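Colleague: Please find the sequence and the predicted model below.
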Amino acid sequence: MPINYYIFLSVALFCIGIVGVLTRRNAIIVFMCIELMLNAVNLLLVAFSKMHHMKALAADVATTAGTDGQLFVFFIMVVAAAEVSVGLAIIVMMYRNIHSVDINFLNRLKH
Amino acid sequence: MNALIISAVWGVVMMFSGILLKQKSTVRNLAIAGMVLLLVANIFETNGTAFFNVDTHGMMYFDRFALIFNSIAILLSLLFLLLSAKDMEKVGINYAEYLALIFFILCGIVLTSSFKSLLILFLGIEIISIPLYILTGSDKLNLKSNEASLKYFLQGSFSTGLMLMGIAFIYGDKGSFLTSVIAPLNGLPSALLLAGMLLLLFSMAFKASVAPFHFWTPDVYDGAPTVFTSFMATIVKAAVFVAFIRLFDEAFGNLHHKWKLTIALITVATLFIGNITAVFQQSVKRMLAYSSISQAGFMLLAIYSMNTDGKEGLLLYVLAYSLATIGLFAVLAKMSDYSYDGFNGLARQRPFLALLITIFVLSLSGIPLTAGFLSKFLMLKATLAAGGSLWLVIVAVVMAVISISYYFRILQAMYFKNAEKDNIITVSPAFKWTLAVLAALLILLGIFPNLVFGFYYF
């Protein structure tokens, strides 16, 4: 498949994530949308990695060039997992104090 | 590499010290000892003695600029610990963990100052951010701290998403994450590369809290416990700026004409919003948050000009700004009243402390004989040297004048107003003399800036 399809798909997923972050009011759902953005990037990186790898293979059969994009995906997964553990802890901490996960609550610091 | 490995290991040591050591003062001394060790190890590496030799496959490179910046960041963290480590006890019960997180943040700072691959940049920024989310929310029962940490977390991971998309676009165009592969241009830059660069610019601008991506800054700095605000607003911000300048120097240096105007507009917006909003603040803590935005505008001039003067100036600017801000926040953490009135009559009750605060304020507003003046001067000189940007220099100077109006309100409160109520703050002699060291450094650097530049070249 041409690379354009992958680019369109992951940019669409990424935009859905952005719109979700900007419009939803539930902290958990906002968080899910952020995860969606990260996974759109993962998809794009794997697609690009495959593309670069196929190009390099045409010149040299034993090459590993172009596989570093897939390695990057693992790093994103690990960092996303670390972010989930911290982020959910923060949301739970807020829930314990106000019994709600609505981010409309986030306006006390303004005044 | 010394600082990277020792800071990571010492972070783990600090976590264990929380279980094994009962005395908080022992934990604190262990952290300070670790910071001294880190500083010594990094100075050894600057002079050519690396304890660890790890093959990073060209993903990291410790050049002079990175090593000097690491030394500055570690020195500032050491001073920060000496001044504020005791106040961290008031935040919560997990004392050793807070100190451990600070060591992990330093590990991230070493990564961001020496990256040669976008992978390391991403990891460094995340290793800085994730502990900061925790430190911001460390005051668990305080709703303001909760709110600040959730806000910081949501917006921070959003901007991480933007950064990753930018990196993916650049990878798609160039087929590598190494800045040395990204930099060369053959023909016109592709749309993919430009989109990636723009996304990276946005996310770095967010992390460095410059307008129009600054909305989280005042809330987070205000809501976080004051000791951690001090760390966030100085050392971490400096590290992000170093990453910013390295990224745009090494990876996008050839596209300078494409992003120059964007950076100039962002600079003007940052200076304007930061300074004008700071004038209307009633709380000193919030004023310092806006002042950190406006000082970030000055640091952006280094990225705009992208020459040797700018890089040198950034090192001095980071030092001058951080020393003064750490000092002010350390005094503020001792106070019960964060409004300007909290400073009323301080000169009569604590004349020496008031004198030190005066030096910090003068340096922040850029009065001659302090490091603040010289660093602002170097930034403007670098901008002029870049050419075609006289209007930017004029805007910056006007904004620096406006900044005096809100900085000097602290002096007015201290020297010309009487305390209505008894708000004497108690400070230990050790605290006072550490603060005096900070003020002395500010004046020393204002007269002999070559102390820093000498290290940079020799």
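Modeller: Arrived safely, thanks for sending.

Colleague: Going along the chain, name the strands of the stretch 251-400 of chain B.
Modeller: With strands called from DSSP state E, counting those that start in this stretch, the stretch 251-400 of chain B shows none.

Colleague: Below-threshold pLDDT in it: ranges please.
Modeller: Within the stretch 251-400 of chain B, not a single segment meets pLDDT under 70.

Colleague: in what helix or strand does whichever residue of chain A sits closest to chain B lie?
Modeller: Relative to chain B, the nearest point of chain A is A:M37 (3.7 Å; C-beta to the nearest C-beta). (Each C-beta comes from the backbone N, C-alpha and C, glycine too.) Taking DSSP states H and E as the criterion, A:M37 maps to helix A:27-59.

Colleague: Return the set of buried residues in that helix.
Modeller: Of the residues in helix A:27-59, A:27, A:30-31, A:33-53, A:56 count as buried by neighbour count, 16 or more other C-beta atoms under 10 Å in any protein chain shown.

Colleague: check contacts around the residue of chain A closest to chain B.
Modeller: A:13-14, A:17-18, A:21, B:158, B:161, B:164-165 (C-beta atoms under 8 Å, 6 or more residues apart in numbering or on different chains).

Colleague: Pull stretch B:180-187 out as CSV, backbone CA atoms only.
Modeller: Coordinates of the C-alpha atoms in stretch B:180-187 are reproduced here as CSV (Å, rounded to 0.1, in the frame of the first residue of the first chain):
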residue,chain,number,x,y,z
SER,B,180,23.4,15.1,11.8
VAL,B,181,21.3,13.3,9.3
ILE,B,182,18.3,15.6,9.6
ALA,B,183,20.4,18.8,9.2
PRO,B,184,21.6,18.6,5.5
LEU,B,185,19.2,19.9,2.9
ASN,B,186,19.2,18.9,-0.7
GLY,B,187,16.9,21.2,-2.6
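
Colleague: ok, residues contacting it?
Modeller: For stretch B:180-187, contacts defined as C-beta under 8 Å, 6+ apart pick out B:58, B:116, B:118, B:170, B:174-176, B:250-255.

Colleague: just stretch B:249-267 next, same as before
Modeller: So stretch B:249-267 is contacted by B:116, B:118, B:170, B:179-180, B:182-185, B:189, B:194, B:197-198, B:201, B:205, B:210-212, B:248, B:297, B:300-301, B:303-304, B:306, B:389, B:392, B:396 (C-beta under 8 Å, 6+ apart).

Colleague: Recalculate using a threshold of 6 Å.
Modeller: B:179, B:182-183, B:185, B:197, B:210, B:297, B:300, B:303-304, B:392 (C-beta atoms under 6 Å, 6 or more residues apart in numbering or on different chains).

Colleague: residues in the stretch 251-400 of chain B within reach of chain A, list them.
Modeller: Proximity of the stretch 251-400 of chain B to chain A is not found for any residue under the rule C-beta under 6 Å from any C-beta of the partner chain.

Colleague: if you average pLDDT over the helix holding A:M37, what comes out?
Modeller: Per-residue pLDDT values across helix A:27-59 average out to 93.

Colleague: Check whether the helix or strand following it comes near chain B.
Modeller: Downstream of helix A:27-59, the next assigned helix or strand under DSSP H and E is helix A:68-98. Yes. Using C-beta under 6 Å from any C-beta, we find that helix A:68-98 touches chain B at A:69, A:72, A:79, A:82-83, A:86-87, A:90, A:93-94, A:97.

Colleague: how distant is stretch A:39-53 from the center of its chain?
Modeller: 13 Å (C-alpha atoms, centre = their mean, to the nearest Å).
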